[in-house]
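Asker: Everything below, folded, please.
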Amino acid sequence: MSTPLVVGTDGSDDALRAVDWAADEAALRGCPLRLLHASLWESYATSAMPAARNPQARRDAAAREVVAGAEERVRQRRPEVTVSAAVREEDPVHALVDASDHAAMVVVGSRGHGLSGVVLGSVSSTVAAQAHCPVAVVRTGRDTGRVGGRWVVLGLAAPHRNPAAADFAFTEAALHGYGVTVVHATVRAGRSAAGPARREQEVEDWLDVALARSVAGHPDVPVRRVVVAGRAHPALLAATTGAELLVLGARRRADPLGPQLGPINHAMLHQAPCTVVIVPVQPADG
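Answerer: Modelled structure (predicted):
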């Protein structure tokens, strides 16, 4: 059986939109989908919850209800997808990061219930920083239906650093019938020892090398390049307006509290208007 997609669910509206997104993705990839509910602190009040005096029994019943509802949602939406579910009594971040060892991708909503999703920056951003596979943070308020003719935005800070991010972006574009917009921000001309024309050619050469493998593997995917002299943040925000997906590579920083995302990745997780996928740098990528 192929490697599954894993989606975290807690019964919230944001989590259910992530389940929908993951179900569509699993159908396109032809892979199984694994639903994962993990919690240490949350309790839920649901109309269908059986009466029980034992708080643990109530939590267990609520957790089973959450995953059963998500499982049925997937079967109704994508009956061709093989779906399974798991409930774990542990911190959601630990559970999702652990699951990322054996997942093609981890999918999470941008927010969730209670302590697990007060703001983006808790579970979603921490999983994106620590997972061992790509992590999709599904932005709410967008239609999760697949519409042709849209674009995947690929942000490349240094074109040679993370071919895994380029491969992921082009694979997604090919699956959905999208094009890829490659965004690269350079230093301003005044800071470069090379002249503007030479610097522009150097950047184009870098992009040719960085994209060669992905373009060769997906020759039918339309590609457009956006090269700006200045900061990457505004260029990425502009490019993601109307885009379906933003793909960014992650070279994590060492930190006493654990791996941390760089400032651009962190900012785009908070501010991008579309779903964001963080692709970790693989060891072979250097």
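Asker: next structured bit after the strand or helix carrying residue 18?
Answerer: According to DSSP states H and E, residue 18 maps onto helix 13-29. On the C-terminal side of helix 13-29, the nearest following helix or strand under DSSP H and E is strand 33-38.
Asker: Pull out the buried residues from the helix or strand just after that following strand.
Answerer: With elements assigned by DSSP H and E, the helix or strand that comes after strand 33-38 is helix 55-77. Across helix 55-77, burial judged by 16 or more other Cβ atoms under 10 Å covers 58-59, 61-63, 65-67, 69-71, 73-74. Heads up, the C-betas are built off the backbone N, CA and C, glycines and all.
Asker: Low-confidence regions, the chain specifically.
Answerer: Scanning the chain for pLDDT under 70 picks out the ranges 1, 41-56, 112-121, 140-149, 158-162, 187-195, 252-260, 282-286.
Asker: try 80
Answerer: For the chain, the stretches with pLDDT under 80 are 1, 40-60, 62, 111-122, 140-149, 157-162, 187-197, 199, 251-260, 281-286.
Asker: can you give me the helices in it?
Answerer: Assigned by DSSP state H, the chain shows helices spanning 13-29, 55-77, 92-99, 123-130, 163-176, 196-217, 232-240, 263-271.
Asker: quick one: which of these is nearest residue 40?
Answerer: helix 92-99 (8.2 Å; Cβ to Cβ).
Asker: ok, residues contacting the closest one?
Answerer: The contact list for helix 92-99, computed with Cβ atoms under 8 Å, 6 or more residues apart in numbering, reads 6, 8, 10, 34, 36, 38-39, 88, 106, 108, 112, 116, 123, 126-127, 130-132.
Asker: rerun that using 6 Å as the cut-off
Answerer: Contacting residues not belonging to helix 92-99 are listed as 6, 8, 36, 38, 88, 106, 116, 123, 126, 127, 130, 131 [Cβ atoms under 6 Å, 6 or more residues apart in numbering].
Asker: The buried residues of helix 55-77 into a markdown table, with extra columns for distance to residue 247?
Answerer: Below are the buried residues of helix 55-77 laid out as a markdown table (distance: Cβ to Cβ, whole Å):
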| residue | distance to residue 247 |
| --- | --- |
| 58 | 41 |
| 59 | 37 |
| 61 | 39 |
| 62 | 35 |
| 63 | 32 |
| 65 | 34 |
| 66 | 29 |
| 67 | 29 |
| 69 | 30 |
| 70 | 25 |
| 71 | 28 |
| 73 | 26 |
| 74 | 24 |
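Asker: Would you tell me which one of the helices of the chain is buried the most?
Answerer: Each of the helices of the chain was scored by mean neighbour count; the highest is helix 123-130, a mean of 25, by mean count of other Cβ atoms under 10 Å.
Asker: Work out the gap between that helix and the centre of the chain.
Answerer: 10 Å (Cα atoms, centre = their mean, to the nearest Å).
Asker: ok and it relative to helix 13-29, angle-wise?
Answerer: Angle of helix 123-130 versus helix 13-29, following axes from the mean of the first three to the mean of the last three Cα atoms, to 10 degrees, is 40 degrees.
Asker: Can you name every helix or strand that helix 123-130 contacts?
Answerer: helix 92-99, strand 135-138 (3 or more Cβ pairs under 6 Å, 6 or more residues apart in numbering; DSSP states H and E).
Asker: closest one to residue 176 among those?
Answerer: Among the helices and strands packed on helix 123-130, the nearest to residue 176 by Cβ to Cβ is strand 135-138 (13.1 Å).
Asker: Fine, thanks again, bye for now.
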